[in-house]
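>>> Give me a 3D structure for the following:
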Amino acid sequence: MGYFKIMSLKQKVMSGLYWTSLGKIIGQMITWGFTIYVIRLLEPSDYGLMALALVMVGFLTMLNELGIGAAIIQRKEIPEDTLEALFGLLILISILFYLLLFMMAPMISNYYSEPRLTMLIKVLSLQFLFMGFTVLPRSLLWREMAFKKLAWVEFFSAIAGSIVTLFLALRGYGVWSLVWGTLAIRVVSLVGLYIAKPFFHRPRFLIKGMGDFFSFGGYVTLSNVLWYFYITADVLIIGKLLGKDILGIYSVGLYLATLPMEKVSLLINQVAFPAFSTISSDLNIAGRHFLKAVRVLSCIAFPVLFGISSIAPELVNIFLGPKWSGAYLPVLIIAFSVPIRMIVNIINPTVFGLGYPEISFRNSLFGFVIMPIAFGIGTIWGLFGASMAWVIAFPIVFFDNMYRFLKILEINLIDVLQAMFKPFLSALIMVGFLQLLRLSHICGYSDILNLLVFILCGTGIYGGMMWRINRNGLKEITDLFRK
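Just a heads-up that it's a prediction; the model follows:
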């Protein structure tokens, strides 16, 4: 019986990866084109303003559901009246956060000495009026592992937001094109979720019977709050100390450097959380699955991110244009830290699924202490120092988080490092070869020619190294995609 349960889970996970990946690949091929074109149209100050506005908006967005969505996914059965009570609570929270952000907008604007932030934040706060209605249908779809439906919703909402943003950017709306594009994503997502999972119930405004949800969700919420502040500490500190223009350049560079992480981690988290919830009673199986995820992710993340770092000047010059030339520095530096950030990002869905949310809270607390200090010190050296904070400080967070997390699984840190080592070494040799190629000036002075040569040579070097020292890893990847 256990064997068939594992096989059924494996089929669901592979189906989830297939549909989630397919939706994101097709969607991202379209939206990346829109995004790059919009970046070329707008100014660094526009992205700096949007980054400042999204700090508090993003924080309340993350806090909006109080971990209730995660608790719903983790629970096997939920009575109908409890769902209705949760629905009522979520609506009240969303209205409260809308009013809170609306009233806080002038204070945030005064803090940054930027009057335009007031209206930007007030308009962005409108999204909270939609979000209270989306938590339950989205969480129920995740719990059912209905990844195909979720993929379609995300695809259409991303496309809608990109079209609105591009249209307004072409019309000269500047930063407002980003604001209205964000709201368009929320509206289309709301409609899509109710088509995929209708939840037309009347909300009940009761607290009785929800203690377990608050207990589990409380840890989730606290860990998310701490995680959010340490992951956005760079924006808060750079925006205050270095100004919105530098912040705009840093934000776009950070976006390019972390784009693979954001998309792949979101994909894995959506599948991993409900998957680990189904095997929460068998930590041995969970440990094996986690190590496999690290091996597969390392084989993809190290070459892609190290490769992005190696071709940062060409990427920025070709796709963004001369006015964004300063963005190549954060791309070049930050991309080196992203592979281990991607691996750390697997921890949260794993511990939530296994029923250990307190591990995530302690991990986030450590990062909350370390990373803001690193960014504060780093800004002494400007954009370079702020970017280097990721490379120097985040490995400390990585080892601390792994040490604490691995205590609950039947594996140790050496197992994780071994799973990462061969892809890391192969990617590092690839970087060294590409740097020698750059110094030799063999490619000439055409950015497009350089980019093509670097990509082809980098792919060949990494593939050759993996074939030489890690054939089992290559086989694991090809088997995954074949399935």
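>>> just so I have it, where are all the helices in the stretch 201-350 of the chain?
211-231, 233-241, 244-278, 283-310, 312-319, 328-334, 338-344, 347-354 (DSSP state H, counting those that start in this stretch).
>>> Looking at those helices, which is nearest to residue 391?
helix 328-334 (6.1 Å; C-beta to C-beta). C-beta: built from backbone N, CA, C; applies to glycine.
>>> Just the C-alphas of that closest one, formatted as CSV.
What follows is helix 328-334, C-alpha atoms only, in CSV (Å, rounded to 0.1, in the frame of the first residue of the first chain):
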residue,chain,number,x,y,z
TYR,A,328,25.6,44.9,-15.1
LEU,A,329,27.5,45.2,-11.8
PRO,A,330,24.7,43.9,-9.5
VAL,A,331,23.9,41.2,-12.1
LEU,A,332,27.5,40.1,-12.2
ILE,A,333,27.9,39.9,-8.4
ILE,A,334,24.5,38.8,-7.1
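>>> For it, give me every contacting residue.
The contact list for helix 328-334 (C-beta atoms under 8 Å, 6 or more residues apart in numbering) reads 249-250, 253-254, 256-258, 308-309, 312-313, 315-317, 383-384, 386-388, 390-391.
>>> If you average the pLDDT over it, what comes out?
Here helix 328-334 scores 95 as its mean pLDDT.
>>> before we move on, what about stretch 305-323?
Stretch 305-323 shows a mean pLDDT of 90.
>>> how far does it sit from the chain's center?
Relative to the chain's own centre, stretch 305-323 is displaced by 21 Å; criterion: C-alpha atoms, centre = their mean, to the nearest Å.
>>> Now do it: everything it contacts.
With contact meaning C-beta under 8 Å, 6+ apart, stretch 305-323 is reached by 36, 39-40, 43-44, 252-253, 256-257, 260-261, 324-325, 327-329, 331-333, 335-336, 338-339, 427-428, 430-431, 434-435, 438, 447-448, 450-451, 454-455, 458, 462.
>>> Now, of those residues, which are buried?
36, 39, 44, 252-253, 256-257, 260-261, 324, 327-329, 331-333, 335-336, 338-339, 427, 430-431, 434, 438, 447, 450-451, 454, 458, 462 (16 or more other C-beta atoms under 10 Å).
>>> Helices of the stretch 51-200 of the chain, residue ranges please.
Counting by DSSP H, counting those that start in this stretch, the stretch 51-200 of the chain has helices at residues 68-74, 80-112, 117-124, 128-131, 135-143, 147-170, 175-196.
>>> okay, the ones you listed in CSV with mean neighbour count and distance to residue 471 next?
Output for the helices of the stretch 51-200 of the chain, formatted as CSV (neighbours: other C-beta atoms under 10 Å; distance: least, C-beta to C-beta, whole Å):
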stretch, mean neighbour count, distance to residue 471
helix 68-74, 24, 37
helix 80-112, 17, 49
helix 117-124, 20, 50
helix 128-131, 19, 47
helix 135-143, 22, 35
helix 147-170, 20, 31
helix 175-196, 20, 41
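>>> averaging pLDDT over each of those helices, which comes out lowest?
helix 68-74 (a mean of 65).
>>> show me what contacts residue 295?
The contact partners of residue 295, by C-beta under 8 Å, 6+ apart, come to 419, 423, 473, 476.
>>> re the thing from before, need the helices of the stretch 201-350 of the chain in TSV with distance to residue 124, can you?
Listed next are the helices of the stretch 201-350 of the chain as TSV, based on distance: least, C-beta to C-beta, whole Å:
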stretch	distance to residue 124
helix 211-231	16
helix 233-241	15
helix 244-278	16
helix 283-310	29
helix 312-319	27
helix 328-334	24
helix 338-344	26
helix 347-354	26
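>>> Out of those, the one nearest residue 198 is which?
With C-beta to C-beta as the yardstick, what comes closest out of the helices of the stretch 201-350 of the chain is helix 244-278 (20.2 Å).
>>> Now restrict the contacts of helix 328-334 to buried residues only.
Buried subset of those (neighbour count, 16+ other C-beta under 10 Å): 249-250, 253-254, 256-258, 308-309, 312-313, 315-317, 383, 386-388, 390.
>>> Correct me if wrong: residue 393 contacts residue 370.
Yes - with contact defined as C-beta atoms under 8 Å, residue 393 and residue 370 form a contacting pair (5.5 Å).
>>> So between those two, which is more surrounded?
Applying other C-beta atoms under 10 Å to residue 393 and residue 370 shows that residue 393 carries more neighbours, namely 21 against 18.
>>> Look up how far residue 328 lies from that one.
22 Å (C-beta to C-beta, to the nearest Å).
>>> Residue 370 now?
Noted for residue 370: a distance of 27 Å to residue 328, by C-beta to C-beta.
>>> again, but for residue 223
34 Å.
>>> cool, and residue 130?
Taking C-beta to C-beta, one finds residue 130 at 37 Å from residue 328.
>>> Residue 292 too?
35 Å.
>>> Then residue 181?
25 Å.
>>> what do you get for residue 437?
Taking C-beta to C-beta, one finds residue 437 at 17 Å from residue 328.
>>> count of residues packed around residue 441?
Residues near residue 441, counting by other C-beta under 10 Å: 9.
>>> of the contacts of residue 295, buried ones?
Buried subset of the contacts of residue 295 (neighbour count, 16+ other C-beta under 10 Å): 419, 423, 473.
>>> And these, which is closest to residue 243?
residue 423 (38.4 Å).
>>> Now that closest one: which helix or strand?
helix 413-440 (DSSP states H and E).
>>> got a list of contacts for the helix or strand just after that helix?
Counting by DSSP H and E, the next helix or strand C-terminal to helix 413-440 is helix 447-469. Residues from elsewhere that reach helix 447-469, judged by C-beta under 8 Å, 6+ apart: 299, 303, 307, 310-311, 313-315, 317-318, 422-423, 425-427, 429-430, 433-434, 437-438, 442-444, 473-474.
>>> Skip ahead from helix 447-469 and say which helix or strand is next.
helix 471-482.
>>> and that next one, how far from the chain's centre?
On C-alpha atoms, centre = their mean, the centre of helix 471-482 falls 25 Å from that of its chain.
>>> cool, stretch 398-407 as well?
Its chain's C-alpha centre lies 20 Å from the corresponding centre of stretch 398-407 when counted by C-alpha atoms, centre = their mean.
>>> quick one: buried residues of that stretch?
By neighbour count on 16+ other C-beta under 10 Å, the buried set for stretch 398-407 is 398, 400-402, 404-406.
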